[in-house]
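Enquirer: next one to model:
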Amino acid sequence: MQKIAIVLAAGNGARMNSTEHIYNKVCYPILGKPIVGYVLDAIKPLNFDKTVLVAGVGKDNTIAKFSEEYEIVVQEKQLGTGDAIKQVLESLPEDDSDILVIYGDVPLIQSETLEKMSHHHAKNKCDATLLTAIVTEPRGQNRVVRDDKTNEIIRVNDFKEESNGGYLTTEVEVGAYIVKAKHLHNYIPKLKKDRENGEFSLISIFEDMISDGLRVDGFILADNSEAYSINDRSQLAHASNVIRRRVNTQLMMDGVTIEDLRTAFISPDAQIEADTIISPNTTILGKCKIGKGNNIGPNTYLENVELGSHNKIVFSYITNSKIGDNQEIGPYAHIKDNKVIKGGD
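Expert: Residues are numbered from 1 along each chain as shown. The predicted structure is shown next:
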């Protein structure tokens with residue numbers, strides 16, 4: 001049996017209100033890295049045999065960014081999450097292989113959470129497991145309804161059903177599921193279009209599975225912030241701030257000094273060694289590799305830079321370049337185009 005992950009990355013992100021549709025919602029950057037890149041990083045430690053991205057709007061950009069490392073399947077028409085899975089079905093086994101399906105717009109999700117969810121799924125011999133959260137205001141989210149006596153999931157319904165006399169619950173599903181491959185093959189082709197939006201919803205298969213006596217369970221998040229999904233630029237900014245705090249905190253724990261947390265913008269892909277000092281208004285993006293004992297900033301921008309040790313860089317803009325040790329650069333330096341500056345004594 002195989003372990004396969006499917007990342008849903010086809011939506012157009014209408015609420016981003018962009019006039020240039022060169023890429024879709026999940027390719028908008030946070031600290032220079034696409035939203036979906038954080039989701040892919042989170043699932044990578046689970047060692048899947050294959051990871052598939054379902055692309056749609058802005059597919060050319062998605063393919064350009066990710067096709068070297070991941071399989072890309074194109075959903076030509078955006079007809080919902082169920083239809084997205086339908087595009088992948090032919091490449092999936094028809095056995096008990098566990099398939100992780102996760103939305104590409106949840107960049108705060110953590111590897112540890114997905115690992116615990118996977119363990120819960122296996123330990124309880126589930127046919128499907130939903131990642132869920134307990135929230136105070138579930139409006140507009142798919143709600144999970146449990147039996148009062150057995151605590152088993154008996155329904156997954158939306159807020160419209162809830163407001164029309166349905167069950168009262170504050171548990172919601174948050175866009176990550178583990179389903180056995182054979183059940184996807186069985187239930188996805190049976191999906192019916194939603195009367196209002198004309199889409200096929202993946203969520204619909206879970207009630208059908210429950211009706212057929214299959215075990216559908218929920219794994220409840222310990223930290224609801226991980227379920228945060230991005231639909232507009234305000235939410236993009238919020239997620240960026242959370243990730244920035246995570247990155248900066250880890251760097252400081254590793255021995256890097258950050259003088260002003262409010263104005264340090266550092267990619268999670270950057271590697272910075274101990275005793276480097278990051279001064280105010282400094283941005284470090286891309287796959288920077290920075291040695292020890294550097295003084296960087298203030299007012300400095302680095303992207304895809306290899307920097308040795310014991311350098312001083314102030315008021316400078318440097319991209320795609322290599323700098324050795326013991327250099328003083330700036331103010332007002334602009335270094336680019338694979339420039340190499342060798343180290344001094």
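
Enquirer: phi, psi for the closest residue to Lys33 other than its chain neighbours please.
Expert: Spatially, and ignoring its direct neighbours in sequence, Lys33 is nearest to Ser267 (6.0 Å; C-beta to C-beta, 6 or more residues apart in numbering). C-beta here means a position set from N, CA and C on the backbone, and glycine is covered the same way. Backbone torsions for Ser267, taken as degrees, to the nearest 10, come to phi -70, psi 140.

Enquirer: for Ser267, give me its contacts.
Expert: By C-beta atoms under 8 Å, 6 or more residues apart in numbering, Ser267 lies in contact with Leu31, Gly32, Lys33, Val247, Ile284, Leu285, Gly286, Lys287, Cys288.

Enquirer: top of these by neighbour count?
Expert: Tallying neighbours with other C-beta atoms under 10 Å puts Ile284 at the head of those, with 26 neighbours.

Enquirer: could you measure from it over to Asn299?
Expert: Using C-beta to C-beta, to the nearest Å, Ile284 is found at 13 Å from Asn299.

Enquirer: longest strand in this structure, by residue count?
Expert: strand 171-180 (DSSP state E).

Enquirer: burial of the nearest residue to Lys342 once chain neighbours are set aside, as a residue count?
Expert: Spatial nearest neighbour of Lys342, excluding adjacent residues (C-beta to C-beta, 6+ apart): Gly324 at 4.8 Å. Residues lying near Gly324 (other C-beta under 10 Å) number 17.

Enquirer: isn't Gly324 right next to His310, touching?
Expert: No: at 9.9 Å, Gly324 and His310 do not qualify as touching, with contact defined as C-beta atoms under 8 Å.

Enquirer: which SS state does Arg244 fall under?
Expert: Taking DSSP: H, G, I helix; E, B strand; the rest coil as the rule, one finds Arg244 in the helix state.

Enquirer: for it, give its distance to His238.
Expert: Separation of Arg244 from His238 (C-beta to C-beta): 11 Å.

Enquirer: more crowded one of these two?
Expert: Just comparing Arg244 and His238: by other C-beta under 10 Å the higher neighbour count belongs to Arg244, 19 against 14.

Enquirer: can you pull the contacts of the more buried one?
Expert: Contacts here follow C-beta under 8 Å, 6+ apart; on that basis Arg244 touches Leu31, Ala264, Phe265, Ile266.

Enquirer: touching, the last one and Gly286? I think so.
Expert: Yep, that's Ile266 we're talking about. No: using C-beta under 8 Å, Ile266 is not in contact with Gly286; the gap is 10.6 Å.

Enquirer: excluding covalently adjacent residues, which one is nearest to the residue nearest the centre of the chain?
Expert: Centroid-nearest residue in the chain: Val39, 2.5 Å away (criterion: C-alpha atoms, centre = their mean). Closest residue to Val39 apart from its sequence neighbours, by C-beta to C-beta, 6+ apart: Gly104 at 5.4 Å.

Enquirer: how many residues are close by the one you found?
Expert: 28.

Enquirer: how's this protein carved up into domains?
Expert: Domain ranges of the chain: 3-227, 254-341, per automatic domain parsing.
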